[in-house]
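In: Predicted model, plus sequence, below.
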Amino acid sequence: MNEIVILSGKGGTGKTSLSAAFATINNNTIVADCDVDAANLHLILQPVNYYDRNFTTGSKALINYDTCTNCGLCIDYCRFDAISFHREKVTISEISCDGCKLCSRICPSHSIQMIPSDKSRWYAGNYRNGKMVHARLAPGEENSGKLVNVVREHAKKTAQETGWETIIIDGPPGIGCAVISSITGTNKAIIVTEPTNSGFHDMKRVLEITANFKVKTVVVINKYDLNESISSKIENWCVENNIPVVGKIAFDPEIVMAMINCQSITEWKPESETSKEIIRIWNQVKTDKCIIQR
Ligand code: SF4
Ligand code: SF4
């Protein structure tokens with residue numbers, strides 16, 4: 001099994017566009033969208049889901065108004081400011097509630113119950129080049145790392161059932177626990193960066209994580225021509241640190257047009273220089289022939 005994770009230290013680098021392109025180059029591909037906080041790869045790949053399952057992330061406090069005396073004591077105890085008077089009635093904000101259970105313990109009339117929070121969901125389905133697993137973490141919910149694990153486990157199970165080799169993981173941006181859940185145990189990581197100082201800085205932070213987990217990592221510089229001076233800095237730094245820069249993609253407005261039309265760039269403009277470069281990058285990464293570009 002070949003699990004390849006696509007990462008970026010920050011949002012907006014083109015990570016998902018690149019994941020969509022990789023996902024539509026070959027058939028018999030399994031895609032795991034692990035950007036569970038803001039999943040949007042399914043908008044391009046448009047899977048037809050055969051699973052739609054709940055994911056329980058913890059519990060939320062719920063008031064029984066038949067017995068609540070509106071005394072307001074629970075407001076004083078909630079450390080998350082989730083309880084307040086709304087139109088003179090004690091109300092709990094589902095989004096702010098952390099599920100700590102304290103209010104349910106101190107309520108003199110035992111009017112607060114903890115209810116399992118199961119509004120997050122995960123899905124599995126068929127898309128035009130294979131199978132896709134993705135998820136949606138409900139607003140304000142925690143445990144994104146656990147939901148990423150659910151997505152990855154189902155993707156692996158699908159690979160075992162189908163005998164298909166490649167799992168493409170669209171990782172979350174940043175360096176939080178969902179990123180760590182997306183990286184652990186993968187074979188390779190591709191970091192998509194852009195030629196800005198923040199892009200350069202965030203790339204280094206993600207590289208620290210992949211190095212900690214001993215995952216072989218390569219870099220792609222997207223929109224490299226928007227600032228060739230910073231692109232050169234990134235390339236030189238990567239060469240000095242033995243990180244292969246496997247490709248540089250020029251800014252291409254057709255990538256946006258492809259997304260608007262629910263296609264990847266390799267489907268939308270297969271003969272474009274952008275598509276050729278992405279296919280070249282993918283063939284290197286997939287076959288492990290990563291060349292340092294200078
Ligand atoms: S402490 Fe209990 S009775 Fe008092 S306002 Fe809160 S829920 Fe109602
Ligand atoms: S469970 Fe905890 S966070 Fe939620 S409303 Fe009660 S005290 Fe606040």
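Out: Thanks, I have the structure now. Ligands and ions are numbered 1, 2, ... in the order given.
In: quick one: the strands in this structure?
Out: For the chain, strands defined by DSSP state E occupy the ranges 2-7, 29-33, 48-55, 58-63, 83-86, 89-92, 112-117, 120-127, 130-136, 166-170, 188-193, 216-222, 245-249.
In: For those, give me CSV that also has distance to ligand 1, mean pLDDT and mean neighbour count.
Out: Where C-beta positions appear, they are placed from N, C-alpha and C, glycine not excepted. Converted to CSV, the strands of the chain look like this (distance: least, CB to the nearest ligand atom, whole Å; pLDDT from 0 to 100; neighbours: other CB atoms under 10 Å):
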stretch, distance to ligand 1, mean pLDDT, mean neighbour count
strand 2-7, 44, 95, 24
strand 29-33, 39, 97, 27
strand 48-55, 27, 94, 13
strand 58-63, 5, 92, 19
strand 83-86, 7, 96, 14
strand 89-92, 4, 96, 17
strand 112-117, 5, 92, 16
strand 120-127, 26, 95, 20
strand 130-136, 30, 96, 25
strand 166-170, 42, 96, 26
strand 188-193, 48, 95, 26
strand 216-222, 51, 96, 24
strand 245-249, 56, 96, 23
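In: Including distance to Arg280, could these go into a markdown table?
Out: Below are those laid out as a markdown table (distance: least, CB to CB, whole Å):
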| stretch | distance to Arg280 |
| --- | --- |
| strand 2-7 | 15 |
| strand 29-33 | 18 |
| strand 48-55 | 31 |
| strand 58-63 | 45 |
| strand 83-86 | 56 |
| strand 89-92 | 54 |
| strand 112-117 | 45 |
| strand 120-127 | 23 |
| strand 130-136 | 21 |
| strand 166-170 | 17 |
| strand 188-193 | 13 |
| strand 216-222 | 11 |
| strand 245-249 | 7 |
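In: and of those strands, who's closest to ligand 2?
Out: Closest to ligand 2 of those, according to CB to the nearest ligand atom: strand 58-63, at 3.9 Å.
In: Pull the distance from that closest one to the chain's centre.
Out: Using CA atoms, centre = their mean, to the nearest Å, the mean C-alpha position of strand 58-63 is found 27 Å from that of the whole chain.
In: and it, which strands flank it?
Out: strand 112-117 (antiparallel) (DSSP bridges).
In: Turn the strands of the chain into JSON lines, columns for distance to ligand 2.
Out: As requested, the strands of the chain are arranged in JSON lines below (distance: least, CB to the nearest ligand atom, whole Å):
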{"stretch": "strand 2-7", "distance to ligand 2": "32"}
{"stretch": "strand 29-33", "distance to ligand 2": "30"}
{"stretch": "strand 48-55", "distance to ligand 2": "19"}
{"stretch": "strand 58-63", "distance to ligand 2": "4"}
{"stretch": "strand 83-86", "distance to ligand 2": "5"}
{"stretch": "strand 89-92", "distance to ligand 2": "5"}
{"stretch": "strand 112-117", "distance to ligand 2": "7"}
{"stretch": "strand 120-127", "distance to ligand 2": "17"}
{"stretch": "strand 130-136", "distance to ligand 2": "22"}
{"stretch": "strand 166-170", "distance to ligand 2": "32"}
{"stretch": "strand 188-193", "distance to ligand 2": "36"}
{"stretch": "strand 216-222", "distance to ligand 2": "39"}
{"stretch": "strand 245-249", "distance to ligand 2": "45"}
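In: quick one: which of the ones you listed is nearest Asn143?
Out: Put simply, out of those the one that sits nearest Asn143 is strand 58-63, at 6.6 Å, with distance taken as CB to CB.
In: Can you tell me what sits against that closest one?
Out: Contacts to strand 58-63, defined as CB atoms under 8 Å, 6 or more residues apart in numbering, come from residues 82-83, 90-92, 94, 97, 99, 101, 103-104, 111-117, 141-143.
In: low-scoring stretches of the stretch 151-294 of the chain, by residue?
Out: Along the stretch 151-294 of the chain, segments meeting pLDDT under 70 span 289-294.
In: how about the helices of it, start to end?
Out: Per DSSP state H, counting those that start in this stretch, the stretch 151-294 of the chain has helices spanning 177-183, 197-212, 228-240, 254-260, 265-268, 273-287. These are given in chain order.
In: Which residue is the nearest non-sequential neighbour of Asn143?
Out: If you skip the residues right next to it in sequence, Asn143 has Thr57 as its closest partner in space, 4.4 Å away by CB to CB, 6 or more residues apart in numbering.
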